[in-house]
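**Q** Fold the stuff below for me.
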Amino acid sequence: MLGTYFKLTNFAAYRSLKLARDTRGVPAVEFHNNGGPCTFSALHDTEVVDAFHRTAQDRANKIVILTGAAGDFIIGVDWSWFGNVSDPAVCSQIHDGGTQVLENIANIRVPVIAAIEGRAHIHSD
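**A** Numbering: from 1, shown residues only. The predicted structure follows:
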């Protein structure tokens, strides 16, 4: 299913997410690091906000599937990508990104299914 890319060309530009839609209009969003299991980072945090926003805008979607790569969902967090997480400004930015992700998921007007297997230590919600 992950072979046919969205019509929006910038979807192929994501480095931490693989997005593809099958011929029935069912897109899959795969979290990964270089094709392997996902260790969540600031890159994922930034890209997922945009990806879910664009997914919500795409009226061709019939259902959305969230999944991980290589048999795992999200196996951990690389906090070094976020900077000094004890800095209130950094924490505020992380909070804002999390809020945007939830708002963008809520704006997807079709069912969203999480196909989780293997390790899901982070964002198993």
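
**Q** And the longest helix anywhere in the chain, what does it pack against?
**A** In terms of residue count, the longest helix belonging to the chain (DSSP state H) is helix 88-106. Judged by 3 or more CB pairs under 8 Å, 6 or more residues apart in numbering; DSSP states H and E, helix 88-106 is in contact with helix 42-57. (Each C-beta comes from the backbone N, C-alpha and C, glycine too.)

**Q** distance of Gly76 from Val85?
**A** Spatial separation of Gly76 from Val85 under the definition CB to CB, to the nearest Å is 14 Å.

**Q** okay, the two: which has more neighbours?
**A** Gly76 (14 against 11; other CB atoms under 10 Å).

**Q** quick one: contacts for Gly68?
**A** Listed by CB atoms under 8 Å, 6 or more residues apart in numbering, the contact set of Gly68 reads Glu30, Phe31, His32, Pro37, Cys38, Ile74, Ile116, Glu117, Gly118, Ala120.

**Q** and the residues you listed as JSON lines, adding secondary structure and pLDDT?
**A** Formatted as JSON lines, the contacts of Gly68 follow (DSSP: H, G, I helix; E, B strand; the rest coil; pLDDT from 0 to 100):
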{"residue": "Glu30", "secondary structure": "strand", "pLDDT": "94"}
{"residue": "Phe31", "secondary structure": "strand", "pLDDT": "93"}
{"residue": "His32", "secondary structure": "coil", "pLDDT": "95"}
{"residue": "Pro37", "secondary structure": "coil", "pLDDT": "94"}
{"residue": "Cys38", "secondary structure": "strand", "pLDDT": "94"}
{"residue": "Ile74", "secondary structure": "strand", "pLDDT": "91"}
{"residue": "Ile116", "secondary structure": "coil", "pLDDT": "86"}
{"residue": "Glu117", "secondary structure": "coil", "pLDDT": "85"}
{"residue": "Gly118", "secondary structure": "coil", "pLDDT": "86"}
{"residue": "Ala120", "secondary structure": "coil", "pLDDT": "84"}
